[in-house]
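Student: A predicted structure for the sequence below; I have some questions about it.
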Amino acid sequence: MSHAVHSPARPDVSTQTPALEVRGLGKTFHIGALFSSQAVRALHRVDLTIGRGEIVALVGESGSGKSTLARCVARLEKPSEGAILLDGVDVLKRDRFQASRKFRSQLQMVFQDPFGSLNPAHRIEHFLRRSLAIHGKGGTGQGSEEQTRQRLEELMTTVGLQADMLNSYPHELSGGQRQRVAIARALAVEPQVILADEPTSMLDVSVRIGVLNLMRKLRDEQGISMLYITHDLASARYLADRTAVMFAGEIVEEGESLDLLAHPAHPYTQLLVSAVPDPTRAGSYDPVHRATLRQAVMASTTCAFENDPDQRCSAEEPVRHQVGDPLNRHWVRCHLYRPGAGAGGHALATEPSTTVQ
Amino acid sequence: MTVSQTSFGSHEPVLDVKNLTVKYIGDTRSTTAVDNVSFSIGAGEVFGLAGESGCGKSTIANSIMRLLKDPADIAAGSISFGGKDVLAMSQDELRRFRWQDVAMVFQSAMNSLNPVLTIGEQMADIFTTHAGYSRKESLRRAAQLLELVRIDPARLKSYPHQLSGGMRQRAVIAMAVALKPSLLILDEPTTALDVVVQQEIMAQIKDLQRELGFSVLFITHDMSLMVELSHRMAVMYGGRIVETAKAHDIYTAPGHPYTQALMGAFPPLTGPRIPLTGLPEGVKFHNIPDLAEVAPGHFVAPFDADAEAAVLEGAAQ
């Protein structure tokens, strides 16, 4: 068995325009009656960068705003503030009212439910052929039918399905196969970025890994960047180069996946990591410590720095402190990790919201 | 049955399932959902049943509770609980058996609360109907129950929608243990919940189990969770048990290729990033033979070298 250890390829994002950059994204939902002024702040000042050929995982619990972020980036939801840069171009300015076809050909989504995202009345071929036709990727003029046919078969092979499944209906396929079709449909457009919103959570456990492996393969072979949204920390660690942790609409910590899960800095990340069942470290988590963490996270109205006039913890602007090896680009949004007063920022540095490398 | 000898606690099993076969009868063909399955659960033991959707684990739980309806049919086998034959019970006996002897928490149990009654009314109901207490006494006991799962008794006056998902699930678990059953069946009790809440509920179940001493039949597809919680476990595939042993033995030395695949489907949280495979698409096991003992207390169904090779080949890709 050739068990090569996956070494996270670190694409040098600092020198290139990132594939996708989210800057200060905010989304507020108004609730209640028509003239009610009540609002829910679903996203607040989210900054996220996905380099070319990079897989970034976004983890957090239900209600933390992961899916809202994905829907805003995919332009299914109109963000209240902020900018979304695709390939360095602000798409919110470029297409002001709705997503353009160009945007859709650059960014595609894979949804959670493969049973709901494929129309049961059509054969598999229809989904892929339509993607090709709409985005003009099927070839034109003489012999275009042959080209399309070839492309369809190629797509099926890429996602690990038999070409003769093109004639099947969705109900004839298993959940894993359907999710592969959904990925093939996204691929047909030849996108630069794929947003995958919990693509494996509805699948049977034994086929989940297969879909994750496929996503990794697409990244390795075609250099597609991905935002992988999940609540499963272990799969984020398995697939993603970098992991961002979301809590109450804000990204509270981000870093290289292995480093982040080995040395979680933010109390919320620590709580999440401590809650994942893992037989290899059974009983290694002190319940008292966990209770303190939970208290710190769930009743986070007080902060160690709240009444300290020298600190701006509850101030509006995001605060980022780098932790650990700078190579891992691991930062956390918590003043517990501010540089010590005497140690004038050697390893730790306060980062402004625009990324300084 | 030799399996019961490895039980924790007393040697007298609380639940003994022997050669259980359940069929879903169709017009033209019938499906065998559970095929000749035997296992037993000792007093105070947590027994895990792992497997994927459709492998028959919930059908087993429903057979134990005698909740199966047409077209399901228990074709063969026996289920005995504390020496009583569950399959021979009359409706009256079943009424007493359910909840008092065996209680069950369903997968989306938090949605099974009645939305138009307060939590207190629903909990007090258990005591007035099953134990015949007065209304006042029932409410007092309901408050105690809520305290047991660390919910403020003031919540007795709340309606289900006023509680969070985790609280509702805890309330349902409290209701399940209200009459001190000797066996608690948990069918995917935390699948719909977030990981932090899941951890809390599992810790709570462990505490309750230690306190009240009931046995648990724990059904889930999450192997990591199961290994952490269970004493012994069985892995099911296609209605058959393919492997059964102490949970830790299965974790350290899975014998059947399917168990190995299922274990391989959960990436670890520590150590290097190693490519995993899960079960390659298209690998199926047919005609799974009866279990054979490979190590003391560790039973594995004999399997084809071909099937194993296919799983391994998938792993090498």
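Tutor: That came through, no problem.
Student: In the stretch 151-300 of chain B, where is pLDDT below threshold?
Tutor: By pLDDT under 70, the low-scoring segments of the stretch 151-300 of chain B are B:280-283.
Student: check contacts around B:V105.
Tutor: B:172-173, B:176, B:184-187, B:189 (C-beta atoms under 8 Å, 6 or more residues apart in numbering or on different chains). Bear in mind the C-beta positions are built from the backbone N, C-alpha and C, glycine included.
Student: can we see that at 10 Å?
Tutor: B:112, B:169, B:172-173, B:175-177, B:184-190, B:201, B:205, B:219 (C-beta atoms under 10 Å, 6 or more residues apart in numbering or on different chains).
Student: how close does it get to chain A?
Tutor: Per C-beta to the nearest C-beta, to the nearest Å, B:V105 is found 18 Å from chain A.
Student: bridging residues for that residue?
Tutor: B:L186 (DSSP bridges).
Student: Can you show me the helices along the chain?
Tutor: Answering for chain A, as no chain was given. A:66-73, A:91-94, A:101-106, A:124-134, A:144-158, A:175-188, A:205-222, A:233-239, A:257-262, A:267-275, A:287-298 (DSSP state H).
Student: wrong one, I was asking about chain B
Tutor: Under DSSP H, chain B gives helices at B:57-64, B:91-96, B:119-126, B:135-148, B:165-176, B:195-212, B:223-229, B:247-252, B:257-263, B:305-316.
Student: nearest to B:L156, of those helices?
Tutor: Ranking those by distance to B:L156, with C-beta to C-beta as the measure, places helix B:119-126 first at 3.2 Å.
Student: helices or strands next to that closest one in the packing?
Tutor: Helices and strands touching helix B:119-126, by 3 or more C-beta pairs under 10 Å, 6 or more residues apart in numbering or on different chains; DSSP states H and E, are helix B:135-148, helix B:165-176.
Student: sorry, back to before: dump the helices of chain A to CSV, plus mean neighbour count and distance to B:V116.
Tutor: Listed next are the helices of chain A as CSV, based on neighbours: other C-beta atoms under 10 Å in any protein chain shown; distance: least, C-beta to C-beta, whole Å:
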stretch, mean neighbour count, distance to B:V116
helix A:66-73, 23, 31
helix A:91-94, 16, 45
helix A:101-106, 16, 46
helix A:124-134, 18, 43
helix A:144-158, 16, 51
helix A:175-188, 24, 36
helix A:205-222, 20, 37
helix A:233-239, 24, 38
helix A:257-262, 22, 44
helix A:267-275, 23, 33
helix A:287-298, 14, 29
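Student: nearest to B:A43, of these?
Tutor: Per C-beta to C-beta, nearest to B:A43 of the helices of chain A: helix A:287-298, 25.9 Å.
Student: I'd say A:L212 and A:S201 touch.
Tutor: No - with contact defined as C-beta atoms under 10 Å, A:L212 does not count as touching A:S201 (11.7 Å).
Student: hmm, back to that, go ahead and build a PyMOL selection from the buried members of the contacts of B:V105.
Tutor: Only the buried entries of those go into this PyMOL selection, using 16 or more other C-beta atoms under 10 Å in any protein chain shown:
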select buried, chain B and resi 169+172+173+175+176+177+184+185+186+187+188+189+190+201+205+219
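Student: sorry, back to before: any chance of the helices of chain B in TSV, plus distance to A:L161?
Tutor: Output for those, formatted as TSV (distance: least, C-beta to C-beta, whole Å):
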stretch	distance to A:L161
helix B:57-64	29
helix B:91-96	48
helix B:119-126	48
helix B:135-148	51
helix B:165-176	36
helix B:195-212	32
helix B:223-229	27
helix B:247-252	33
helix B:257-263	20
helix B:305-316	16
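Student: Read off the pLDDT value for A:D90.
Tutor: Looking at A:D90, its pLDDT reads 91.
Student: So it sits against A:I84, correct?
Tutor: Yes - contact status for A:D90 versus A:I84: in contact at 7.0 Å, counting by C-beta under 10 Å.
Student: Looking at those two, which one has more neighbours?
Tutor: A:I84 (23 against 13; other C-beta atoms under 10 Å in any protein chain shown).
Student: Tell me who's in contact with the more buried one.
Tutor: Per C-beta under 10 Å, 6+ apart, neighbours of A:I84: A:20-23, A:25, A:48, A:72-75, A:90-94, A:103, A:107.
Student: Same question for B:D70.
Tutor: B:24-25.
Student: intersection of neighbour lists for A:D90 and A:I84?
Tutor: Common neighbours of A:D90 and A:I84 (C-beta under 10 Å, 6+ apart) are A:21, A:23.
Student: Nearest residue to B:D35 in space, please, no chain neighbours.
Tutor: Nearest residue to B:D35, sequence neighbours excluded (C-beta to C-beta, 6 or more residues apart in numbering or on different chains): B:G239, at 4.1 Å.
Student: Actually, B:M65.
Tutor: Sequence neighbours aside, B:M104 is the residue nearest to B:M65 in space, at 5.6 Å (criterion: C-beta to C-beta, 6+ apart).
Student: Hmm, B:I60 and that neighbour touching each other?
Tutor: No - under the criterion of C-beta under 10 Å, B:M104 makes no contact with B:I60, lying 11.7 Å away.
Student: Those two: which is more packed in?
Tutor: When neighbours are counted by other C-beta under 10 Å, B:M104 and B:I60 differ, and B:I60 comes out ahead with 28 against 22.
Student: quick one: low-confidence parts of the stretch 151-300 of chain A?
Tutor: A:281-287, A:295-300.
Student: The same query, at a cut-off of 90, please.
Tutor: A:160, A:162-164, A:172-177, A:198, A:200-210, A:231-232, A:247-250, A:252, A:262-300 (pLDDT under 90).
Student: among the helices and strands packed on helix B:119-126, which is the most enclosed?
Tutor: helix B:165-176 (a mean of 22; mean count of other C-beta atoms under 10 Å in any protein chain shown).
Student: In terms of secondary structure, what does that helix contact?
Tutor: strand B:102-105, helix B:119-126, helix B:135-148, strand B:183-187, helix B:195-212.
Student: ok now it, how far from the chain's centre?
Tutor: Remark: helix B:165-176 is offset 16 Å from the chain centroid, using C-alpha atoms, centre = their mean, to the nearest Å.
Student: how about the CA coordinates for that helix, as PDB?
Tutor: In PDB, the C-alpha atoms belonging to helix B:165-176 read as follows (Å, rounded to 0.1, in the frame of the first residue of the first chain):
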ATOM      1  CA  GLY B 165     -32.500  21.600  20.600                       C
ATOM      2  CA  GLY B 166     -30.000  20.300  23.100                       C
ATOM      3  CA  MET B 167     -32.300  21.100  26.000                       C
ATOM      4  CA  ARG B 168     -35.200  19.400  24.400                       C
ATOM      5  CA  GLN B 169     -33.100  16.300  23.700                       C
ATOM      6  CA  ARG B 170     -32.000  16.300  27.300                       C
ATOM      7  CA  ALA B 171     -35.600  16.600  28.500                       C
ATOM      8  CA  VAL B 172     -36.500  13.600  26.300                       C
ATOM      9  CA  ILE B 173     -33.700  11.600  27.800                       C
ATOM     10  CA  ALA B 174     -34.900  12.600  31.300                       C
ATOM     11  CA  MET B 175     -38.400  11.400  30.400                       C
ATOM     12  CA  ALA B 176     -37.000   8.100  29.100                       C
END
